[in-house]
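S.K.: The sequence and its predicted three-dimensional model are supplied below.
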Amino acid sequence: MPSSHNNEESLRFHTLDSSLPWSYDSEDLTSLTETSETWETASTVSTIWGPGTLSGKAIKALGEATLRGVEKVVIRWRLATINSSLNRNPDSPSGSVDKLEKILDDVLELSRLDFYTPKVRQQALRLIMMQIGSLETTQLIKCVVKWPAEEIQIFLSEFMMCMPLLWNDVDAPDYQWELLELYKSSQSASAEHPLIPFLTFLQQLSEAGPDACHAIISGGYLNLLSDMYEYHSLDFGESDDQSIIAASVITSCNSVLSTFLLQPEALKFLSDHSETRNLWPQKYKSLHLSLHSRILSSFNPKMRRQTWRQADVSRILQRYSEIEVILRLHPVPRSMNLHICIDLLEFLATTKEPKLKQRVLHLILRCVAMGNDFWSSFHAVFQMHSYDTLLDLFYRIIYPLFKWPAEPLPIAAMFVKDVESYLPGRLPIDHFVEFAFELADRAPIAQALMDAEILTLLPATQLDRGLLYTGLQKALEHKVTGSLL
């Protein structure tokens, strides 16, 4: 792995082991000495970067007529200088961030399609691909985002076409295979999967803003995702390690999407792509989930929660309405239970709107009323949340139930109605107490229930109070035992 200096990326980058595919005689280099100094000076003061910038600098330094004879030599000399600079000691004066930025600006410029010869472009692409593989991309990204979105898209599409070669042995130009081998060879020996450095680069680039995100999607990311989901969803049939690796790759893929979903108009932009329908189809004929919900269904719980924490209220309200419709189905598809529980608990914990909190709490209690299918999902979700969140949830439920029926608060009244609807003959207080004690098999769930005064509901139940109390005590003791180990 490349070393670093003063917390900044250094100039000790992975460079080509072989020399550049051009030779220079002493006359070439001598004649370039004065030219190169002038060209370097011009490059440091230029504030405009774009296609043909190197040629523009040369025109300023040499004049248009002279340019025709020496432009190719200047470009070749610059690539040789870049290759040499990227291999210098990072502690040398040339290792400054400004110097690195100028070098990477030049490398990116030389990689542009249709402006330079294939040999020049491929040499620049090799240098870039090795930077990505070695995870030395902080300065590279700062240079990439200077470009218009259309230019970033073209730039990324080159690499998007290479990545499927990691698992698909198909016909491809020789230079793409060479780029891929250089990318793999520049990675750390501890790299979990060869695709992850590229996904990390895309994740960091996507954080630069909407233009970068749109360029990633338009550059072929959805096609790459389609291949990734298909390949890594296969049953490898050899070891659990491969399944873990596959999961880590898909998680990395989704992390790019999660950043994109936070951008304005992201869903509209995604819906315009033909690949969207294949990646996230409608699974239920009677229920049309939003595109946002379909995408989130492929996220792991942690990433799903992170996405909701940053979502705006309108997106939360859309999902709330969707859950309301889903809960009217008989039965609710079991595959949706966990996602519903994750979302509702996250909404309750993060929203600051009192009316929305009440509406979310009502749906949580409706899920509780529906019985065991949701209970196991709540058990898993409760373990993701802090004691404070659980205490707030339980207190909002227990106090109204304690007051019932003398003081019929809305939350209790709706819960009683739901239990009577889903489980006729079942006593509502018994139903909630059994739910609470069944899930309280460990702290902090048990402690949150105790502190929310669950014991005040026991006199109103027909359940075995002694058995319930003993179970709760064991859960609390489990906390003490666990802390001593």
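M.R.: Yes, it's here.

S.K.: where do the strands sit along this protein?
M.R.: Here the chain has its strands, by DSSP state E, at 4-5, 8-9.

S.K.: which residues of the stretch 301-450 of the chain score low on pLDDT?
M.R.: Nowhere does the stretch 301-450 of the chain drop to pLDDT under 70.

S.K.: all helices for it, in order.
M.R.: 301-309, 313-326, 334-350, 354-369, 372-382, 387-403, 410-422, 428-439, 445-451 (DSSP state H, counting those that start in this stretch).

S.K.: Give the other helices and strands that the last one contacts.
M.R.: Identification of packing neighbours for helix 445-451 by 3 or more Cβ pairs under 8 Å, 6 or more residues apart in numbering; DSSP states H and E yields helix 387-403, helix 428-439, helix 465-484. Yep, even glycine has a C-beta here, placed from its N, CA and C like the rest.

S.K.: next one: the third one
M.R.: The contact analysis (3+ Cβ pairs under 8 Å, 6+ apart) places helix 334-350 against helix 301-309, helix 313-326, helix 354-369, helix 372-382, helix 387-403.

S.K.: Please apply the same query to the second one.
M.R.: Helix 313-326 makes packing contacts with helix 291-296, helix 334-350, helix 354-369 when contacts are defined by 3+ Cβ pairs under 8 Å, 6+ apart.

S.K.: Identify the spatial nearest neighbour of T351, chain neighbours not counted.
M.R.: Spatial nearest neighbour of T351, excluding adjacent residues (Cβ to Cβ, 6 or more residues apart in numbering): K357 at 5.9 Å.

S.K.: Pretty sure that neighbour sits against T350.
M.R.: No: under the criterion of Cβ atoms under 8 Å, K357 is not in contact with T350, lying 9.9 Å apart.

S.K.: Could you pull up phi and psi at E207?
M.R.: Here is the backbone geometry of E207 (degrees, to the nearest 10): phi -80, psi -10.

S.K.: need the contact list for the nearest residue to it once chain neighbours are set aside.
M.R.: Spatial nearest neighbour of E207, chain neighbours left out: T259 (5.8 Å); criterion: Cβ to Cβ, 6+ apart. By Cβ atoms under 8 Å, 6 or more residues apart in numbering, the contact list for T259 reads 203, 206-207, 213.

S.K.: just M384 next, same as before
M.R.: By Cβ under 8 Å, 6+ apart, the contact set of M384 is 301, 305, 342, 345.

S.K.: if you set the cut-off to 7 Å instead, what comes out?
M.R.: Neighbouring residues of M384 by Cβ atoms under 7 Å, 6 or more residues apart in numbering: P301.

S.K.: One more: the one 10 residues further on?
M.R.: Contacts for F394 (Cβ under 7 Å, 6+ apart) come out as 448-449, 452, 454.

S.K.: And for E324?
M.R.: L363.

S.K.: Give me the distance between it and Q318.
M.R.: 11 Å (Cβ to Cβ, to the nearest Å).

S.K.: In helices, which of the contacts of T259 fall?
M.R.: 203, 206, 213 (DSSP state H).

S.K.: Count the neighbours of the last one for me.
M.R.: Using other Cβ atoms under 10 Å, C213 has 25 neighbouring residues.

S.K.: pretty sure it is touching E207, no?
M.R.: No: judged on Cβ atoms under 7 Å, C213 makes no contact with E207 at a distance of 8.8 Å.

S.K.: re earlier: identify whichever of the helices and strands packed on helix 313-326 lies nearest to L439.
M.R.: In terms of Cβ to Cβ, the element of those nearest to L439 is helix 354-369, at 10.0 Å.

S.K.: Could you provide the helices of the stretch 301-450 of the chain in TSV, with additional columns for distance to L195?
M.R.: Output for these, formatted as TSV (distance: least, Cβ to Cβ, whole Å):
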stretch	distance to L195
helix 301-309	17
helix 313-326	30
helix 334-350	26
helix 354-369	38
helix 372-382	29
helix 387-403	35
helix 410-422	46
helix 428-439	39
helix 445-451	38
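
S.K.: out of these, nearest to L289?
M.R.: Of all those, it is helix 313-326 that lies closest to L289, at 6.6 Å by Cβ to Cβ.

S.K.: Which parts of this structure belong to which domain?
M.R.: Listed domain ranges for the chain are 4-219, 386-485 (source: automatic domain parsing).

S.K.: Ends of stretch 165-184, what's the gap?
M.R.: The straight-line separation of the ends of stretch 165-184 (Cα to Cα, to the nearest Å) is 12 Å.

S.K.: Oh, that last question was meant for stretch 210-230, not what I typed.
M.R.: 28 Å.

S.K.: ok so, going back, of the helices and strands packed on helix 334-350, which approaches L222 most closely?
M.R.: Per Cβ to Cβ, nearest to L222 of those: helix 301-309, 17.9 Å.

S.K.: Just the buried positions in the closest one, please.
M.R.: 303-308 (16 or more other Cβ atoms under 10 Å).

S.K.: Could you work out which of the helices of the stretch 301-450 of the chain reaches nearest to E265?
M.R.: helix 313-326 (12.6 Å).

S.K.: Can you list the buried residues in the closest one?
M.R.: So for helix 313-326, counting by 16+ other Cβ under 10 Å, buried means 315-316, 319-320, 322-323, 326.

S.K.: Give me the number of neighbouring residues for the residue nearest to T351.
M.R.: K357 is flanked by 17 other residues according to other Cβ under 10 Å.

S.K.: my guess is it contacts A349, does it?
M.R.: No: using Cβ under 7 Å, K357 makes no contact with A349, being 9.6 Å away.

S.K.: related to what we said a few turns ago, most tightly packed of the helices and strands packed on helix 445-451?
M.R.: For these, the largest average neighbour count (mean count of other Cβ atoms under 10 Å) is found in helix 428-439, namely a mean of 20.

S.K.: Can you check what angle separates it from helix 354-369?
M.R.: 80 degrees (axes from the mean of the first three to the mean of the last three Cα atoms, to 10 degrees).

S.K.: What is helix 428-439 packed up against?
M.R.: Secondary-structure packing of helix 428-439 (3 or more Cβ pairs under 7 Å, 6 or more residues apart in numbering; DSSP states H and E): helix 354-369, helix 372-382, helix 387-403, helix 410-422, helix 465-484.

S.K.: Those into CSV, with extra columns for distance to H292?
M.R.: Output for the helices and strands packed on helix 428-439, formatted as CSV (distance: least, Cβ to Cβ, whole Å):
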stretch, distance to H292
helix 354-369, 18
helix 372-382, 20
helix 387-403, 24
helix 410-422, 27
helix 465-484, 37
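
S.K.: contacting residues around A208?
M.R.: 141, 145 are the contacts of A208 under Cβ under 7 Å, 6+ apart.

S.K.: Which pLDDT value belongs to it?
M.R.: pLDDT, A208: 90.
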